[in-house]
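Participant: would you be able to build a 3D model of this:
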Amino acid sequence: MNMKKIKYLILSGFAACLLLSCNDLTLQPKGILDESALFGNPGGVETYLAGVYMYLPIEEFNYNTTDGYYIPIASYSGGGAWNTWNATKWCQSNVSGESVGWSDNIQMASVGFGYWPYDQIRNINTLIEGLPKYKANYGDADYNSLMGEARFLRAFYYFGMAKRYGGVPIIDKVQDPGAPADSLNVFRATEYDTWMFIHDDLQFAMENMSATSELGRANKYVAAALMSRTMLYAATIAKYGSYTTGSPEPAAQKGYVGIPADKANYFFTEAYNACTFFDGSNYTLVDGADKVQNYVDLFLTNNAEDIFIEQYSASAPRNLERFHSYDATISPSPQFSSWAPGSQSYPTLDIVELFQKLPIQNADGTPTRYDTREQLWQDGNLEPRLLADVYFPGMTLRGASFDVRRGLYKTYTGTVADAQFGVATAPVNSATNRLVSGGPVFPIPAGWGVTGNVVGAHGAWAIWKPENHTQTGLFVRKYVDYNKTAAQSNIELSQQPWKVFRFAEILLNRAEAAYELGKTQEAYDLIARIRNRAGAAVWTPSASPATVYTINGQAVDENLQFIRDERARELLFENHRWWDLRRWRVADLVFNQFEPLGLMPYLITSENKYIFLPEYNMAQYRFTFNVRDYYEPIPGGEINKNNNLIQNPIY
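Facilitator: Below is the predicted model:
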């Protein structure tokens, strides 16, 4: 049965339960399926699992760092839990330094959003305990695969908690609500035991699930992908974390946060082995002659790189749609979308220059002059993967160009540094020499030698939350469906899939684990595969790598740092970086009074030339990561219900 249909079926069934069960209290409710109907046949199990899949903690287009995971099964006109189109304002890229958004909440709120999915874990445990009663109804392979699928799903939910809280209560059986409170109020497991529980579930899944599955449903390779990701998390937390040995607080002393350092190599090995599970499989990197277009299309089509995707559809019955609003909320209107508020999130220069230094400065420090804004990316030998991820000024979409300008200079004779990142007090930025705008439409006044709008149609103009105008001089390109018209790019009209696991991540996971295990040449070769597909310059690792920094007594050298940076480049805007910086325990270093930069085009009117200057983002966001936020607090409401739960340190 197709998983899309399953999702609609189960929701329709739930609706039937609500509508029919009140009519005749003396009869078996007509809309309720009993255990035998659900677990006694493959169709029933698939229907049951559909609801579990729907709530998987996948941080996709609708994920909101303030409110969490949204299941958009009710349309805008029909209402919903909250506005899905607001997700881009609070998207995870905006808290990881990859982009700047509309929201004040640029940091992940330290209180999180109370993710505690034990209702879904109970549903999975119910299946694990109930299915064996009907084993005779299945062939051995099908039965084993379903049991493995259930264990995979349970591991996924525990991963959503472990990366937030560390150790959590392990519930592997269905609890009886009528049992004594002491048996229901389960203590937290240690963080080590929690990750091992995830490992054991995934190992079972890898050994028992089928090799293939319907699109949007898991198989043994999906389980292996999750194994590689989760074990890499555990390994780096063990190696670079310090809570276990460095904190006197009860949660640390009991091992609820922190993993003993001597477990790091075990977890690195398990991550590495999970990646080798793909050897001989049909998954591969997708390449093409046009490196830019190949990478753009990679995220808009189903292809051989996809291991597991989140599907969307607008063709379901009313109020059962699964949709997102990415095309409407990532691009400005009216040229590129038909949603009046327009774009909400913009790439930072910081993340762009992780790919390469842009050619915006001459050897003597003066700004590089360009005849047009387009020359920067047309003549700048920029990496194709970067051009596929980011819209630079002058690029085109849906028949229009991104018209981005920060303002005008009458003359500019100094260096890039003289602009002092755009502050008005810099002499070169005096009001008589530089013209910037305080609004989206501000005609160039007489005396400047040119006419038009100061910032163009999409340029940076404000210091406080402008929608529909870039705050950084750039726009996001990855995942944008260029096949849509502006009219089709409105809220609730986007259906391109979210890539939950793709083969490139497996190679990156393997490279990182391999390097940590001393398999350096293998790590270099894997990175070379990634960069070759991307059209990136050849990387020559250092034979004697210098130490970049030391975390928890562990040196991170420049070759390892390059491997980590390659993750940021390849997985840009795919909601990995925030968690990577946390698991490496470097977020408090990277985000130490961090103020994201933008890339601002200016026209020098006396020369009729363009220059590009680094400036602080228009919203003037700056933040510092608090070390306590390597873990989120156990939700207060859960502690109130279970006094055996001990809160995480520093909360």
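
Participant: for this protein, give me the ranges with low pLDDT.
Facilitator: Applying pLDDT under 70 to the chain flags residues 1-33, 71-84, 103-111, 244-245, 314-321, 464-465.

Participant: could you pull out the strands for it?
Facilitator: With DSSP state E applied, the chain shows strands at 99-101, 306-310, 345-347, 390-391, 396-397, 400-401, 407-409, 434-436, 475-476, 498-502, 547-551, 554-557, 597-604, 609-616, listed in chain order.

Participant: neighbouring strands - and their directions - for the third one?
Facilitator: Partner strands and pairing direction for strand 345-347 (DSSP bridges) are strand 99-101 (antiparallel).

Participant: with mean neighbour count and distance to Ile491 added, can I get the strands of the chain in CSV?
Facilitator: In short, each C-beta sits where N, CA and C put it, glycine included. Formatted as CSV, the strands of the chain follow (neighbours: other CB atoms under 10 Å; distance: least, CB to CB, whole Å):
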stretch, mean neighbour count, distance to Ile491
strand 99-101, 28, 17
strand 306-310, 20, 18
strand 345-347, 28, 15
strand 390-391, 26, 20
strand 396-397, 16, 18
strand 400-401, 16, 20
strand 407-409, 22, 32
strand 434-436, 21, 31
strand 475-476, 26, 17
strand 498-502, 22, 17
strand 547-551, 13, 42
strand 554-557, 16, 42
strand 597-604, 24, 26
strand 609-616, 22, 31
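
Participant: the helices in the stretch 301-450 of the chain, which residues?
Facilitator: With helices called from DSSP state H, counting those that start in this stretch, the stretch 301-450 of the chain shows them at 326-330, 349-352, 375-378, 384-389.

Participant: which of the ones you listed is buried the deepest?
Facilitator: Sort these by mean neighbour count, taking mean count of other CB atoms under 10 Å, and helix 326-330 sits at the top with a mean of 28.

Participant: from the chain's centre, how far out does it sit?
Facilitator: 16 Å (CA atoms, centre = their mean, to the nearest Å).

Participant: check stretch 470-482 too.
Facilitator: Per CA atoms, centre = their mean, the centroid offset for stretch 470-482 relative to its chain is 16 Å.

Participant: before we move on, what about stretch 118-134?
Facilitator: Mean-position distance between stretch 118-134 and its chain equals 29 Å (CA atoms, centre = their mean).

Participant: and stretch 165-177, by the same measure?
Facilitator: With CA atoms, centre = their mean, you get 27 Å for stretch 165-177.

Participant: ok, stretch 136-145 next?
Facilitator: For stretch 136-145 - counting by CA atoms, centre = their mean - the centre lies 36 Å from the chain centre.

Participant: which parts of it are buried?
Facilitator: Judged by neighbour count using 16 or more other CB atoms under 10 Å, the buried positions of stretch 136-145 are Asn137, Tyr138, Tyr143, Asn144, Ser145.

Participant: what's the end-to-end length of it?
Facilitator: Distance between the two ends of stretch 136-145: 14 Å, counting by CA to CA, to the nearest Å.

Participant: equivalent analysis for stretch 463-483, please.
Facilitator: One end of stretch 463-483 to the other measures 33 Å (CA to CA).

Participant: list the buried residues in that stretch.
Facilitator: Buried residues in stretch 463-483, defined by neighbour count with 16+ other CB under 10 Å: 466-482.

Participant: gap between that stretch and the chain center?
Facilitator: 17 Å.

Participant: same check, this time on stretch 551-567
Facilitator: That offset, for stretch 551-567, works out to 21 Å (CA atoms, centre = their mean).

Participant: list the buried residues in that stretch.
Facilitator: Neighbour counts using 16+ other CB under 10 Å place Ile551, Gln554, Val556, Asp557, Asn559, Leu560, Gln561, Phe562, Ile563, Arg564, Glu566, Arg567 of stretch 551-567 among the buried residues.

Participant: repeat for stretch 532-547
Facilitator: Arg533, Ala534, Gly535, Ala536, Pro541, Pro545.

Participant: the closest residue to Leu597 other than its chain neighbours and Val174: what is the separation?
Facilitator: Closest residue to Leu597 apart from its sequence neighbours, by CB to CB, 6 or more residues apart in numbering: Leu349 at 4.1 Å. Leu349 sits 52 Å away from Val174, going by CB to CB, to the nearest Å.

Participant: OK, contacts around Val587?
Facilitator: One thing to correct before we go on: residue 587 is Ala, not Val. Applying CB atoms under 8 Å, 6 or more residues apart in numbering to Ala587 gives the contacts Leu581, Phe625, Asp629, Tyr630.
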